[in-house]
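K.L.:
Need coordinates for the following:
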Amino acid sequence: MIVRWPMLLGIVFLCLVGSLGAQKAHAQRAIPRTTWDEQTADPSPEIPLQTIPSDEQVDSQIAKRMQNAKAAAGNVPADLQALFDGAQQSRSVLEFNSIIERCKNIAGDTTRLVSERSYAKKLLSWAANRRGELRSDMAGEMVTARQLAEAENLDRAAIDDFRLAIQNDAGRWRAHHNLGVLLAIAGDFTNAINALSKTIELNPKFVEAFHNRGEIYFRKGNYNAAIEDYNQAIGLNQKDADLFSGRGNARFALGQIEAALADYQSAMSLAPDSAKVATEFADTCQSLGRWKEAAEAYQKAMKADPNYVRALQNAAWMMATCPEDFYRDPDAAAKTAQKAIDASRGNINAHLVHVLAMSQAAQGDFSNAINTINQAIQLTDEGPLRSELSQHRSLFQKKKAYRQPPPNN
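P.N.:
A predicted model of the protein is given here:
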């Protein structure tokens, strides 16, 4: 079984060998394509009131606008000036709670000037988006700590925050994008696509929106739409290895083998030290029976990151099940499979245990292989995977090891 992870969701996909269903999104939660790092942080709406900035204004302009704001501060109500200053300094959910409540009070005060109420809504929108980003980051930490219920609660609260941001400023494209990311993690792909499409409408040069929407289209099996989004993203940024890797996945799924391999090679040239990119190429070569290229790419991936679970798992699968004797190494497979389990840091699933069982069977240790594959069966409730595990157990009971079928058979 060769395992694939698209970049956005960390959802597990099958390449061509074996069968594999999607796990719960939180079990593999990963959101590398977010926008709330220091380099791309969304600046808060700035005083003076008549020059509220939009999201697309770049960071290099902030200092100049701040100087202008301070020059005009004498015309700004003290409470709005205090809100602005507080928003700039806020770093925690509690601090943003206070900013948001105060903004709501001003925005709903009909005795205030329209410009003041409008500004309060803009600042409220910005603060809600930032609070959502903080909560989402906290959710990621909770997942790492295996506190999944807490992570789900934080993600739901973050979704509410992004919706609040949009409600108060429909043009805040970062909030639309962030909402789309979390909806995708929650499995609401239709609304996630809608949110990302709105992001693209508001900011057609935002690469991550095309990339993330392409990932979702891929997950839904709409490979042509995924390729189109990757094309758009690559047109905006030709130096991002993940974009080529994602397009390669979609092309491979459509049977465009050579084009997919070309994309993976482009990705490797852009990110020569990426274990993920090297593993993408290795997995594809393994599924095509291009064993030499697969072995070299797995070695490259494991050298780049000796604890990269996916590379360890899929390399072990190949060494245990390859139909060519030269590339089959049962002892190395068993050691690598065990290393993959150790590197998972307690996040053990049926697929990892399955590979260990295959390695034990390849060694001729059918008794332990049967015990191990029984453990794998207990770890999953996925019907197709349980069926495959049962079939392999039947082989072990006959003292036979599994071999991958020759390509095109």
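
K.L.:
what bits of the protein have low per-residue confidence?
P.N.:
By pLDDT under 70, the weakly predicted segments of the chain are 1-41, 46-74, 408-409.

K.L.:
just the strands in it please.
P.N.:
All strands of the chain, identified by DSSP state E, fall at 3-4, 13-14.

K.L.:
Please give me every residue in contact with Ala87.
P.N.:
Ser44, Ile99, Leu123, Trp126, Ala127 (CB atoms under 8 Å, 6 or more residues apart in numbering). All C-beta atoms are positioned from the backbone trio N, CA, C, and that covers glycine.

K.L.:
6 Å instead?
P.N.:
If you count contacts by CB atoms under 6 Å, 6 or more residues apart in numbering, Ala87 has them with Ser44, Ile99, Leu123, Ala127.

K.L.:
Neighbours of Ala226, how many?
P.N.:
For Ala226, the neighbour count with other CB atoms under 10 Å is 26.

K.L.:
ok, now Gly255?
P.N.:
Count around Gly255 with other CB under 10 Å applied: 9.

K.L.:
and if you look at Arg131?
P.N.:
26.

K.L.:
Distance check, it against Ile99.
P.N.:
Distance of Arg131 to Ile99, computed by CB to CB, to the nearest Å: 9 Å.

K.L.:
Quick check: phi and psi at Ser44.
P.N.:
Here is the backbone geometry of Ser44 (degrees, to the nearest 10): phi -70, psi 150.

K.L.:
and if you look at Ala401?
P.N.:
The phi/psi pair for Ala401 (degrees, to the nearest 10) is phi -90, psi 150.

K.L.:
repeat for the one 3 residues further on
P.N.:
In terms of degrees, to the nearest 10, the main-chain angles of Gln404 are phi -60, psi 140.

K.L.:
Pull the contacting residues for it.
P.N.:
By CB under 6 Å, 6+ apart, the neighbours of Gln404 are Thr321, Pro323.

K.L.:
before we move on, what about Lys398?
P.N.:
No contacts exist for Lys398 under CB under 6 Å, 6+ apart.

K.L.:
What are the buried residues along stretch 355-372?
P.N.:
355-363, 365-366, 368-370, 372 (16 or more other CB atoms under 10 Å).

K.L.:
what's the most distant pair in the residues you listed?
P.N.:
Farthest pair in the buried residues of stretch 355-372 (CB to CB) is Val355 and Phe366. Separation: 16.0 Å.

K.L.:
that older thread, kindly reformat the contacts of Ala87 as TSV containing neighbour count and distance to Ala334.
P.N.:
Formatted as TSV, those follow (neighbours: other CB atoms under 10 Å; distance: CB to CB, whole Å):
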residue	neighbour count	distance to Ala334
Ser44	24	55
Ile99	24	56
Leu123	28	59
Ala127	29	54
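
K.L.:
closest to Ala82 among the residues you listed?
P.N.:
Ile99 (10.0 Å).

K.L.:
biggest helix in the chain by residues?
P.N.:
helix 114-144 (DSSP state H).

K.L.:
Check the burial of Ala195 by counting its neighbours.
P.N.:
Ala195: 26 neighbours (other CB under 10 Å).

K.L.:
circling back to that earlier point, can you lay out the contacts of Ala87 as a markdown table showing distance to Phe162?
P.N.:
Converted to a markdown table, these look like this (distance: CB to CB, whole Å):
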| residue | distance to Phe162 |
| --- | --- |
| Ser44 | 16 |
| Ile99 | 16 |
| Leu123 | 16 |
| Ala127 | 12 |
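
K.L.:
Between the residues you listed, which sits nearest Ala332?
P.N.:
For those, the nearest to Ala332 is Ala127 (54.1 Å; CB to CB).

K.L.:
wait, doesn't the closest one sit right on Asn97?
P.N.:
No: using CB atoms under 6 Å as the test, Ala127 is too far from Asn97 to be in contact (9.0 Å).

K.L.:
May I have stretch 189-203 exported as PDB, CA atoms only?
P.N.:
Taking C-alpha atoms only, stretch 189-203 is exported to PDB below (Å, rounded to 0.1, in the frame of the first residue of the first chain):
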ATOM      1  CA  PHE A 189     -15.900  20.500   0.900                       C
ATOM      2  CA  THR A 190     -18.800  22.300  -0.900                       C
ATOM      3  CA  ASN A 191     -18.800  25.300   1.400                       C
ATOM      4  CA  ALA A 192     -15.000  25.200   1.500                       C
ATOM      5  CA  ILE A 193     -14.800  25.500  -2.300                       C
ATOM      6  CA  ASN A 194     -17.300  28.400  -2.100                       C
ATOM      7  CA  ALA A 195     -15.200  30.200   0.400                       C
ATOM      8  CA  LEU A 196     -12.000  29.700  -1.500                       C
ATOM      9  CA  SER A 197     -13.800  30.800  -4.700                       C
ATOM     10  CA  LYS A 198     -14.900  34.000  -3.000                       C
ATOM     11  CA  THR A 199     -11.200  34.500  -1.900                       C
ATOM     12  CA  ILE A 200     -10.100  34.200  -5.600                       C
ATOM     13  CA  GLU A 201     -12.900  36.600  -6.700                       C
ATOM     14  CA  LEU A 202     -11.600  39.200  -4.200                       C
ATOM     15  CA  ASN A 203      -7.900  38.600  -4.700                       C
END
